[in-house]
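Novice: turn this into a structure:
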Amino acid sequence: LLVLVMTMHVDPKLVDALEWHLATLMGVLRRHLFASGRWTKRLLWLLPHRPQDVQPSRKPYLQMNGAAQIQAFNRRMARLLGLYGVPVYDAWAHTLDVRPNASKDGIHFPVWVSNSKAQVIVNFLCAEKRSCPTRRRSQVKEREGIGRV
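Specialist: Numbers count the residues shown, from 1 in each chain. Predicted coordinates for the structure are as follows:
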């Protein structure tokens, strides 16, 4: 599985040329990942989460990568990736209900948010019958203290 992420640390003008950039990238990925005609089954694209624009440190960046720009980017990427049949995980909803002061800088969230997003990816892998991560029984017993003297 190849997980791809594009953040908005770049100039939003990239969105204007997004279709061309994505077509180029998909051409390269298709050549390298093509196997039995189901190359997109090996991809998952993660879209950016919602920033907390209320944080004072975000003010200088709102024009370039505020919530409105990121949401527009996510909608456009989801539409374009849909043309290629690439599954998308839109992390926007994952940060909608996070309390306003959870992030000190408006972008980087507490570890529980990242853990929650990671669980979504694991669920995706398991639902798609991909390499679903499992713990060996001995690891579970060891962690729970079972079998110790």
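Novice: got any ranges where this structure has weak pLDDT?
Specialist: Applying pLDDT under 70 to the chain flags residues 1-16, 33-42, 128-149.
Novice: that one: strands as residue ranges?
Specialist: All strands of the chain, identified by DSSP state E, fall at 2-5, 43-47, 88-90.
Novice: so what secondary structure elements neighbour the longest one?
Specialist: This points to strand 43-47. Contact analysis of strand 43-47 by 3 or more CB pairs under 8 Å, 6 or more residues apart in numbering; DSSP states H and E lists strand 2-5, helix 67-84, strand 88-90, helix 111-127 as its packing neighbours. Bear in mind the C-beta positions are built from the backbone N, C-alpha and C, glycine included.
Novice: just the C-alphas of that strand, formatted as PDB.
Specialist: Extracted C-alpha coordinates of strand 43-47, given in PDB (Å, rounded to 0.1, in the frame of the first residue of the first chain):
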ATOM      1  CA  LEU A  43      -3.100   3.500  -3.100                       C
ATOM      2  CA  LEU A  44      -4.700   5.700  -0.500                       C
ATOM      3  CA  TRP A  45      -4.600   9.400  -0.700                       C
ATOM      4  CA  LEU A  46      -4.900  11.400   2.600                       C
ATOM      5  CA  LEU A  47      -6.300  14.900   2.300                       C
END
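Novice: direction included, what does that strand pair up with?
Specialist: Strand 43-47 pairs in its sheet with strand 2-5 (parallel), strand 88-90 (parallel), by DSSP bridges.
Novice: now the angle between helix 111-127 and it, please.
Specialist: Per axes from the mean of the first three to the mean of the last three CA atoms, to 10 degrees, the angle that strand 43-47 makes with helix 111-127 is 150 degrees.
Novice: next, the angle helix 67-84 makes with strand 43-47.
Specialist: With the same axes, to 10 degrees defining the directions, strand 43-47 sits at 160 degrees from helix 67-84.
Novice: for strand 43-47, buried residues please.
Specialist: For strand 43-47, burial by neighbour count (16 or more other CB atoms under 10 Å) applies to L43, L44, W45, L46, L47.
Novice: I appreciate the help and will end here.
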